[in-house]
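Chemist: the following block contains a protein sequence and its predicted model.
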Amino acid sequence: MLLKIVFSGFGGQGVLMMGYVLAVAGMNEDKHVTFLPAYGAEVRGGTANCTVVVSDSEIASPTAASPEYVVAMNYPSMIKYSNAVKSGGTMFLNSDLISEDPARSDLRIVKIPANSLAHDMGNDRALNMVMLGAVNAVAGIVSQEALLGAIDTVLKGKKQTLIDMNQKALFEGAKFIDTSSAA
Amino acid sequence: MLLKIVFSGFGGQGVLMMGYVLAVAGMNEDKHVTFLPAYGAEVRGGTANCTVVVSDSEIASPTAASPEYVVAMNYPSMIKYSNAVKSGGTMFLNSDLISEDPARSDLRIVKIPANSLAHDMGNDRALNMVMLGAVNAVAGIVSQEALLGAIDTVLKGKKQTLIDMNQKALFEGAKFIDTSSAA
Amino acid sequence: MKGRIVIDKERCKGCGLCIIFCPKKQITISDELNKKGYYPAAFAEESAENPEMVECTGCALCGTMCPDVAIEVYRQDKSESKDKAEED
Amino acid sequence: MKGRIVIDKERCKGCGLCIIFCPKKQITISDELNKKGYYPAAFAEESAENPEMVECTGCALCGTMCPDVAIEVYRQDKSESKDKAEED
Amino acid sequence: MAGKVLMRGTHVLGEAAIRAGCRAYFGYPITPQNELPEYMAAQFAKRNDGIFVQAESELASINMVMGASIAGARVMTSSSSPGISLKQEGISYLAAMELPAVIVNMMRGGPGLGNIAPAQGDYFQATRGGGHGDYRLIVLAPAYGQEIANMTRDAFDLADRFRTPVMILGDGMMGQMMEPVIFPEPIDLASLQQKDWILDGCKGRPSRIIRSLWLDPNLEEQLNWRLARKYEAIAEEISDAEMYLHEDAEIIIVAYGTAARIAKGAVQRVRESGQKVGLFRPKTLWPYPSEALAQLSRRVKHIVVFELSTGQMVEDVRLAVEGRCDVSFYGRPGGVVPTGEEIARVLSATYHRVNSGRQNSSEGGSSYRVLGIA
Amino acid sequence: MAGKVLMRGTHVLGEAAIRAGCRAYFGYPITPQNELPEYMAAQFAKRNDGIFVQAESELASINMVMGASIAGARVMTSSSSPGISLKQEGISYLAAMELPAVIVNMMRGGPGLGNIAPAQGDYFQATRGGGHGDYRLIVLAPAYGQEIANMTRDAFDLADRFRTPVMILGDGMMGQMMEPVIFPEPIDLASLQQKDWILDGCKGRPSRIIRSLWLDPNLEEQLNWRLARKYEAIAEEISDAEMYLHEDAEIIIVAYGTAARIAKGAVQRVRESGQKVGLFRPKTLWPYPSEALAQLSRRVKHIVVFELSTGQMVEDVRLAVEGRCDVSFYGRPGGVVPTGEEIARVLSATYHRVNSGRQNSSEGGSSYRVLGIA
Amino acid sequence: MKKVFSRPKSLKETPFHYCPGCGHSIIHRLVAEVIDELGIRDNTIGVPPAGCAVLAYNYFDVDMAEAPHGRAAAVATGIKRVLPDRIVFTYQGDGDIAAIGTAETIHAANRGERITAVFVNNAVYGMTGGQMAPTTIPGQVTTTSPGGRIPLRDGNPLDLSEMLGLAAGSIYIERTAVTSPKGVMRTKKALKKAFTVQLEDKGYSMVEILSPCPTNWKLSPAESIRWVDEVMTKIFPVKVIKDVA
Amino acid sequence: MKKVFSRPKSLKETPFHYCPGCGHSIIHRLVAEVIDELGIRDNTIGVPPAGCAVLAYNYFDVDMAEAPHGRAAAVATGIKRVLPDRIVFTYQGDGDIAAIGTAETIHAANRGERITAVFVNNAVYGMTGGQMAPTTIPGQVTTTSPGGRIPLRDGNPLDLSEMLGLAAGSIYIERTAVTSPKGVMRTKKALKKAFTVQLEDKGYSMVEILSPCPTNWKLSPAESIRWVDEVMTKIFPVKVIKDVA
Ligand SMILES: Cc1ncc(C[n+]2csc(CCOP(=O)(O)OP(=O)(O)O)c2C)c(N)n1
Ligand SMILES: Cc1ncc(C[n+]2csc(CCOP(=O)(O)OP(=O)(O)O)c2C)c(N)n1
Ligand code: SF4
Ligand code: SF4
Ligand code: SF4
Ligand code: SF4
Ligand code: SF4
Ligand code: SF4
Ligand SMILES: [Mg+2]
Ligand SMILES: [Mg+2]
C-alpha cells in the first residue's frame, strides 16, 4: 500500500497540522511515512499546502505529482489540484468555501462543510481536525485510534481541553461522514 | 647560447638594478631574456637576489638551479650560492665585503673591490654598476654598447648626470678588469 | 461633502491603518473577502444612505498611511487646499 | 657610576632610538657591522678610557625604547630606585 | 516502535549534532536551513549547556567555528549555497590547520541569489574545494531522515578522528521533509578522547601554535603531501554507496540525496515493466565510491547519471568508469524536482536505445552524452 | 625590435588591460600581485581617466566590480588565492547575472594563509566554480610575458562578447618575472559596441532589471540551461592549447603556466637523449582543450601530468583521455619550483618504464597513478 | 472633484507582495514620490539587496540592480563611480546594512560615496522568517532569541546610524518612523533631502526608517505601529543624526 | 649592580624579524611584560592575523592561533566562548581591524565579547609593502595612493576607535603612541588595564597604538617617531576614548 495525500488551503486554516497529525498516526502504526510541507518562498503570502505519503514499504519520493487524495480547504486549492488528482482518486472539498465542483468526471468528490461543523461544535479553529476526521473516515488511511493517539502525541504537554477538543473534532468529522450521504 | 646569471647581496646594494640593466641590454640586442627578482616573503629582511637568463632561443625556465655566473655582493650571498654555480662557472665576489674564497676548486673566481672602486670614482652608490661593468667585461654576455644603452633606456627621464655617472661606473668596472689581474 | 476617496478593493489587504488614521472615521472594513482572501476597507459613502452626511474632508491621511497605495483621494478644487494636498 | 647597560650586538638593528632617548648620551653607534649587516649601538663604557666618567644612571629609558629588546640595564641596588625600575 | 519520532531534516540534524556532543553552533540565517540554527538556539537555551551565536555574517561564523575548534569544541555551522560560498576562505584555513568542524550546506537553486528550492548545484564546490589550495572536505550526502541522524554522528566522529572539516550536503527538501527517526543515544562528553593539540593556555606544557602560514615552500609542500596522504587514507576507509537491484542490472542510474530517492522510485517502476535497471547511490561524495562504481561499469551496458544540476557529479562517475561503458546525463537544475515517472521514462528510453544497439560512443567520439531536458 | 619593453608580468597585465579599454579597477592588496593594483593606481592617476578604488576587502571589490559592470564599464579586479576565495559568492552572482568582468588570480601556496611562492593549487576553484550553483568561468593560463599581454586583451573581449566573467590564472612567478613584450595598440573606446543591457537610467527606454533571483524553479532552470548552452558554445569556439614536439612523441607531458615552461625545458633535454617526448600546454583551462588531448591520447603510449599542486588538472586530462592511454601525475605543491632537470628525470624514467612494457594499468586496475614525489 | 492623492509615476502598477501593514510598502511609495518630485526617474538606478524588499525591482519603474545580501553599498559604489552623474540609491534592511554589510556600509560612507541609502529598520530579519537582527530590542523574542534578546549573550542593538555619523564622508543621516501621517511626511522630507544631497554631489546620505513588520512581530498592523512608537523609538530615537549639507 | 631591565618571560628568545625601529617590536615587549605582571602566561591565548605581526607566534611564549586577515575578532570570539575563563587577545594591524575586519571588530565589541584587542596603527599596510590603509593620512603617499591620499577620491582616515566607543559592549578603549618613554609607559598601562577589564569579565577592551613603520614611510626610525608625533596624532589624538570599567 502506497498512498499520497495533499492538503491545501489558506495559511491559518491549520493545513500543515492536518498532514502532520496524519503522518504521526501512520508512524505510530509502524507504517513508512513522509511529511513534506511546501516551504514558502523567501517572500510573503501564498497558500499553504503539504504532502503526506503513507506506505508499507520504504518511500522513494516524498512528493506527489498525482496524489490519490487531495483535501482542498478553499477555492484556489480546488482549482490548483483538480487536475493533479490520480484518475479514480478522491477530492475532499471544504464545501463552506467551495461551491463549484472540479471539472472532472473520473474523480470521487466528498464535500464536507468543515467551517460550519467546527462552528457548531463551538470552535471555529477546529475545522482542520473536523476535515481530517472526515477524510480518514472515508479513506481509512489509518485507524481512528491511531489518529486520536496522534493528537495526544502532537499536543503532548498542551492543555487537556485543547487535546479533547481536537479529538472531538475528529469524531465530528467522522460522524458527519457516517450520517451524511457526502461519501 | 643560454646563459644564467644570479646577482645577490643586501637590499640597498642595487642588486636588482644590476640584473635589470643586463636584461634590458640583452633585449636591446634582440636576445631572449628573462629577469626574475626573488620577491621577498610577506615579512621583512633577508637578502636581495635576482636571476637573469640570456639566450638565442625561447627561454623555458627563468630560474637557475646551476647558473653559469654568480655575482655575490656580500658574504652571505657567497656562502649561499657557492655550491650552486655550475662546475666550470664563474663567481664574481665583491672583495670589499668578502675576504674568504668559496670552498670549490672547479670555479673561476673574479674579485672586484666594488665598494672601493665606487668610492674612488666619487659615488658610493654606484657600486652595482661598477660590478656589472666588470662582470660583463669578463663574461661578455652582451656588448658594452648594449650595456651603456640599457642605462639610457632604464634611466630615461632621469637626470643626465645620474645617467653619466652610472655609465662611468660601467667603464670603471670594465677598466678594472682590463688593468688588473683579477680575471 | 468636501472630499471623497476610492479604495481599490483588490489591492487592499485589510490592514486597517486607514481606518485608524481617518480623523472623520469615514472608513470601515467590508464583510466580503476579496480575491486575495482579505476583508478590504470600504469608504463610508458606500454605506451612507445620505451622501450629504459623509464628512470626508479629502485630507488624504488615509492615503498617506495606506501601505498598498489602494486609496485615491479627491477633494473639492480649492487652490490652497490643493497646495496642502501637494505637501502631503 | 650608578648604572650600566649591556647591548646584545647581534640583536641590535642599529635603529638609534636608544641613542636619541638616552638623557646622558651614553650610547653611540659602533663602526663594525654585526652578522645581520647592521651597525649596532655601543655603550659609552666600552669607549670611555675612564669608567668613572661614565654617567649612566641606569634609568632604563634606552631599554624602554629599544624595539629589539637588545638592552639589559643594571643599577646600583637601592630599593627606591629599584621600585622605580619596576614601574618602568 | 519505541523512540521513533517524526521530525524535519533540519531538526533531526540539530538533535543528532547535540547527541554527538556538539555544544557550539555559529551561523547566519538563510533559507532553506533556518530551522537548524533555530533548533540549536532553542535547545541550548533550554538545556543551558551550549553556545549559540548568530554571527554578523557567514564569514564571521566560519571563523568563530575556527576559534571554537582551536579551543577543542565539537562545533558546527550551517548555511545554504550563497552563504557557503562566503565560507570558502575559512574552510580552506580549517583544512590547512587540520581543524575538525562540521559544515552543513542545504543547497538551493543557483547561481547567484537563485531561489530556495531543492537543488544540487554545489557538488563541485563541496567535493573540489571551493576554497584555494590543495585540500578536500569529507562530504556526506544523506537521503533519508534516519540517515541524517546517523551521518551527523559520523560527521563529528570523522572530523575529530581525521582532524578535518566535514560537510553534510543536503538540499531544501532534505531539510524540510519530516520522516520517522530513531536517534542514537547521546554520547558521554567525558568519554571523548582528549585532544592533545588544542589551545587552552599552556599550563604545565610548552606553548602551542596553530597556523597555516609556511613561508618556506619546502614546509608548505610537506604539509600538502601530508594532507594528500591523509586524504588517501580517508578515501580507502570511508567511501560508501548504496546499491539497489544492481546484481542483474544492464543499466544503472547514479544519483545522490533527494535525486536518489526519486531515482529509486523510478527504478522500481521500470523494473515492473521487466527492464533490468538498478541504482547506485553514493553516500560519500568525497571520497567518491569510485572503486565500487568501476566494478559495476565492467558489467553494465550503460550508466545514467541524474542530478538536480546541469551536470557535476557526472565527472566523478566518468573518472571512475574511464570509458568502460557509456555514460549519459539527465539533469533538472534550478529547484525543479521531477517526478519518478519522468525519470522512469528516461530510464526506459535509454534501456531501449542501449538494447537496440544504438550506443552513443562511436569509435573516436566520447562515450559521454547529455540527454535533452524534459 | 621596435616597441619591445621589459616589464614584469603584473605590469604587463595592467598595461594590456588599460589598452583593452579597462578604465575601472577595484581590489585589495595581497602578495604576490600588489604590483598590479599599484600599476593601475599610478596609471589612472597619471592619465586621470580611470577609476581606481582600493576597497575595504576582496568582498567589497568583487561587488564594486559587479556595479561597474552593471554600469557598462570594462572592469577588472585581481587578488591571490585567499582573496579569490572571498570573491566566490560575487563571482557566482556575476555568472548568474551574465556580467562581463576580468578577475586575475596570481596563485600562491595554500591552503590557508600558505605562502607567497608560485603554486597551482587553485585550479579546481577556477575551473569548477568555487562559488555555488551551475556556472563556469572562462579561465586563461598565460605562460609568457607576451601571452599575458595578448590574453588580457582576449579576456576583456571574451567577457563582453559572452557576457561572462573571465579569469586570468597566473602564479607568483608569472607576475614577478620580466620579459620583453610588444603591446597591441590601445583600442578606441568609442569603437566598442554599445551594450544594450546595462543600467544607466531609463531615459528614452523602459526601465531595466539586472537580477539573479528566480523564485520560480522553472525560470531558474531556464537560466541554468541557457547558461549551459552558452558554455557549450564557448567550449566549441575557444578551447586552445600549445603542442610542442608532439607529432612523433610516445610520451606527452601536460602542464600549464609556469609548470609548462619548466616542462618544455625538460622536453628539450630529454629529446637530446633521443627519447620521443612532447608537450601539451593548455592555454584555456576552461574550456579545457579536451578534444585535442583526446586525439593525442589515441597515438601516444603515456601521458605525464605535471602541476605545482597535488593533482587537480590531471582530472581534466583523465576525462579527456578516458582510459585510452595511461596517465601518471607528478606534483610539486606549496611553492616549490622544480628544475627542468628534475622534470627531465621524471620523463626519462617514465619513458623507460613505458618502453620496457611496465605499464601501470593492469586489467581491472585504474590506468592512473601518482608518481612518488622527489 | 480633483484628484489630490494617487499612485506616484515611479511606481509600477504591480501590487506589493508585502504583508498587510508592512512598512516597506509605505516607504516604497515615499521613495517613488520623491523620485517623481525631483524628476529623476529616468536618471536613477536603485540597488535592492536580498531582504523582503529584494523584489523592489518589480515595483520601482527605474533601472534596478539586485545586490548580494549586504553588498548594496559596494555595488552602488561601482555604479556611481562609473556613472557619476546618475542618481544611485540602495534600499537595505537592518540585517543587510548593519550585520553582514557593516564593513561595506561604513567604508562607503567614509569614502563619501555619492549614494543615498534607504535603511529600513524593522528590528528583525523579515525575509528569512524573523531571526534576531543587530537592531533587535533587548528582550524581543525572535526565532533565534527564543527567550528574548539577552544583551549579555547576544549584545545590545547596534547604533549603526550614530557610527556612520562619525564617518568623515557622511553628509546627512536622519532617523524617522512611518507610524503616523506626521512620521510619514517627515520621512518623505528626509528622503527628499537625502537625494538632494546626492544631487548636489556632496557625499553619502542615509535615512534610517523605523518600519513595522507585523508578521514577524506577531502583532496586528495597529499594534505594530504602537510598538514602534512605544518601544523601538526608546532605543532608536527619531532625530537628525548628522547634517553637514 | 642589580638587573633592572631585561627581556620579559613571555617573550621567546627568537629575535624579531621586524625592521629596525618598528613599533611592533616595542609593542610585543609591552604585551609580554603585561602578561608577565598579570601572571597569565599559561592561561592566555593570542590571535595574530595576517600582517607584519602574523609571526607573533614565534615570539610570544603563550598559546597562539593564527587568524585569517581581518577575522581575528571572530576567531577570538570562538575561543573565548568555549573557554570563558581563559584570557584571549588579538593583535591586529590597521588594515586588518579597520578595513577587511571592520564588521567582525564592530560586532565583537558590540556583543561585548570578553576579549582584548591590541590595535597597531601604522597608517599603512606594512606586510604587503606599503599600500594605503583606512588610517592613511590625507596627503600621505603610499603605493596605492601615488600622489598622496586624496580624501575626495580615497576618503578620509577612519576613526574606528571612536566608532567602537559607540558600541554598547565596549568597556575600555584608549589610543596611545610608542614614540617616547612616556608614551611607551602609557601604552603599557593602557594594555594592562585592557587585560584587566577582561580578567574582570566586563566586556570588550582595545588599545589603539600609533606605531612607526620606517620602511614603508621611507623615513628613518627617528624621523618616523617625529612623524607620528607631529602628523599622525593630529588626526588620531592620543587619549582615552571610552572607559566605563
Ligand atoms: C550571503 C547571504 N546570506 C544570507 C542570505 C539570506 N537572507 C536574505 S535576506 C536576509 C536578511 C533579511 O533581513 P533584513 O536585511 O533586515 O531585511 P528585511 O527582510 O527585514 O526587510 C538574509 C539573512 C542571503 N540571501 N545571502
Ligand atoms: C584575505 C586576505 N587578503 C589580503 C591578504 C594580504 N595581507 C596580509 S596582511 C595585510 C594587511 C597588512 O596591513 P595591517 O593589517 O595594517 O598590518 P601591518 O602589516 O601594517 O602591521 C594584507 C592585505 C591576506 N593575507 N588575506
Ligand atoms: S481623506 Fe481624510 S477624511 Fe477622507 S477618508 Fe481619507 S482620511 Fe478620512
Ligand atoms: S490602509 Fe490601505 S490596505 Fe490597509 S485597509 Fe486601508 S485601504 Fe486597505
Ligand atoms: S640606562 Fe639611562 S642613562 Fe644608562 S644608557 Fe640607558 S638611557 Fe642612558
Ligand atoms: S634601540 Fe636597540 S636596536 Fe635600536 S640601536 Fe639601540 S640597541 Fe640597537
Ligand atoms: S515579513 Fe515583515 S518586513 Fe517582510 S513583508 Fe512581511 S511584514 Fe514586511
Ligand atoms: S614593514 Fe613596517 S610594520 Fe612591517 S616590520 Fe617593517 S617597519 Fe614594521
Ligand atoms: Mg529587517
Ligand atoms: Mg598597518
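Modeler: Right, received. Where do you want to start? Residues are numbered from 1 along each chain as shown, chains lettered A, B, ... in the order given. Ligands and ions are numbered 1, 2, ... in the order given.
Chemist: and the residue of chain C closest to ligand 6?
Modeler: Nearest residue of chain C to ligand 6: residue C:67, at 68.4 Å (CB to the nearest ligand atom). To be clear about C-beta, it is placed using only N, CA and C from the backbone, and glycine gets the same treatment.
Chemist: may I have the secondary structure class of that residue?
Modeler: The assignment at residue C:67 comes out as coil when based on DSSP: H, G, I helix; E, B strand; the rest coil.
Chemist: who's in contact with it?
Modeler: Counting by CB atoms under 8 Å, 6 or more residues apart in numbering or on different chains, residue C:67 touches C:13, C:15, C:17, G:16, G:18, G:20-26, G:29.
Chemist: could I get those as TSV with distance to ligand 6?
Modeler: Listed next are these as TSV, based on distance: CB to the nearest ligand atom, whole Å:
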residue	distance to ligand 6
C:13	73
C:15	72
C:17	71
G:16	68
G:18	66
G:20	71
G:21	68
G:22	65
G:23	61
G:24	61
G:25	67
G:26	65
G:29	67
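Chemist: so which residue is dead centre in chain A?
Modeler: residue A:132 (4.4 Å; CA atoms, centre = their mean).
Chemist: the nearest residue to residue G:46 once chain neighbours are set aside - how many residues pack around it?
Modeler: With sequence-adjacent residues excluded and distances taken as CB to CB, 6 or more residues apart in numbering or on different chains, residue G:46 is closest to residue G:64, at 4.7 Å. Burial measure for residue G:64: 24 neighbouring residues, criterion other CB atoms under 10 Å in any protein chain shown.
Chemist: who's residue G:64 bridged to?
Modeler: residue F:209, residue G:46 (DSSP bridges).
Chemist: same question for the helix or strand the residue nearest to the centre of chain A falls within, mean pLDDT?
Modeler: For residue A:132, the host element (DSSP states H and E) is helix A:127-139. Helix A:127-139 carries an average pLDDT of 97.
Chemist: equivalent analysis for stretch E:122-136, please.
Modeler: On average, stretch E:122-136 scores 96.
Chemist: equivalent analysis for stretch C:32-42, please.
Modeler: 85.
Chemist: quick check, it touching ligand 7?
Modeler: No. Figure legend: stretch C:32-42 not in contact with ligand 7 (CB under 6 Å from any ligand atom); closest approach 14.0 Å.
Chemist: what about the helix or strand of chain A with the lowest mean pLDDT, distance to the chain center?
Modeler: None of the helices or strands of chain A scores lower by mean pLDDT, DSSP states H and E than helix A:75-81, at a mean of 90. Here helix A:75-81 is found 14 Å from its chain centre; the criterion is CA atoms, centre = their mean, to the nearest Å.
Chemist: residues contacting residue A:112?
Modeler: Residues in contact with residue A:112 (CB under 8 Å, 6+ apart) are A:92-95, A:130-131, A:134-135, A:173, A:176-177, A:182.
Chemist: what residues are bridge-paired with it?
Modeler: The partner residues for residue A:112, given DSSP bridges, come to residue A:94.
Chemist: likewise residue G:138?
Modeler: Legend: beta-bridge partners of residue G:138 under DSSP bridges are residue G:149.
Chemist: residue G:149 is in contact with that one, correct?
Modeler: Yes. The pair formed by residue G:138 and residue G:149 meets the contact definition of CB atoms under 8 Å, at 5.2 Å.
Chemist: between the two, which has more neighbouring residues?
Modeler: Ranked by neighbour count (other CB under 10 Å), residue G:138 and residue G:149 place residue G:149 first, with 21 against 16.
Chemist: any idea how far residue H:168 is from that one?
Modeler: 12 Å (CB to CB, to the nearest Å).
Chemist: so where do the helices sit in chain G?
Modeler: Taking DSSP state H, the helices of chain G run over residues G:23-38, G:72-82, G:94-95, G:102-111, G:151-154, G:160-165, G:181-199, G:214-217, G:221-227, G:233-235.
Chemist: got the residues of chain C near ligand 1?
Modeler: By CB under 6 Å from any ligand atom, no part of chain C sits against ligand 1.
Chemist: quick check, the residue in chain C closest to ligand 7?
Modeler: Closest to ligand 7 within chain C is residue C:67: 8.9 Å, counting by CB to the nearest ligand atom.
Chemist: separation between that residue and residue F:343?
Modeler: On the measure of CB to CB, residue C:67 and residue F:343 end up 70 Å apart.
Chemist: give me the angle between the biggest helix by length in chain A and helix A:127-139.
Modeler: In terms of residue count, the longest helix belonging to chain A (DSSP H) is helix A:160-179. Put simply, helix A:160-179 runs at 40 degrees to helix A:127-139, going by axes from the mean of the first three to the mean of the last three CA atoms, to 10 degrees.
Chemist: so which residues make contact with helix A:160-179?
Modeler: Here helix A:160-179 makes contact (CB under 8 Å, 6+ apart) with A:110, A:112-114, A:117-118, A:121, A:123, A:126-138, A:144, A:147-148, A:151-152, A:155, A:182-183.
Chemist: please check those residues and keep the buried ones.
Modeler: Buried members of the contacts of helix A:160-179, counted by 16 or more other CB atoms under 10 Å in any protein chain shown: A:110, A:112-114, A:117-118, A:121, A:123, A:126-138, A:144, A:147-148, A:151, A:155, A:182-183.
Chemist: the residue lying closest to residue G:53 once chain neighbours are set aside and residue G:133, how far apart?
Modeler: Spatial nearest neighbour of residue G:53, excluding adjacent residues (CB to CB, 6+ apart): residue G:24 at 5.2 Å. Distance of residue G:24 to residue G:133, computed by CB to CB: 15 Å.
Chemist: please apply the same query to residue G:221.
Modeler: 20 Å.
Chemist: repeat for residue A:155
Modeler: On the measure of CB to CB, residue A:155 and residue G:133 end up 32 Å apart.
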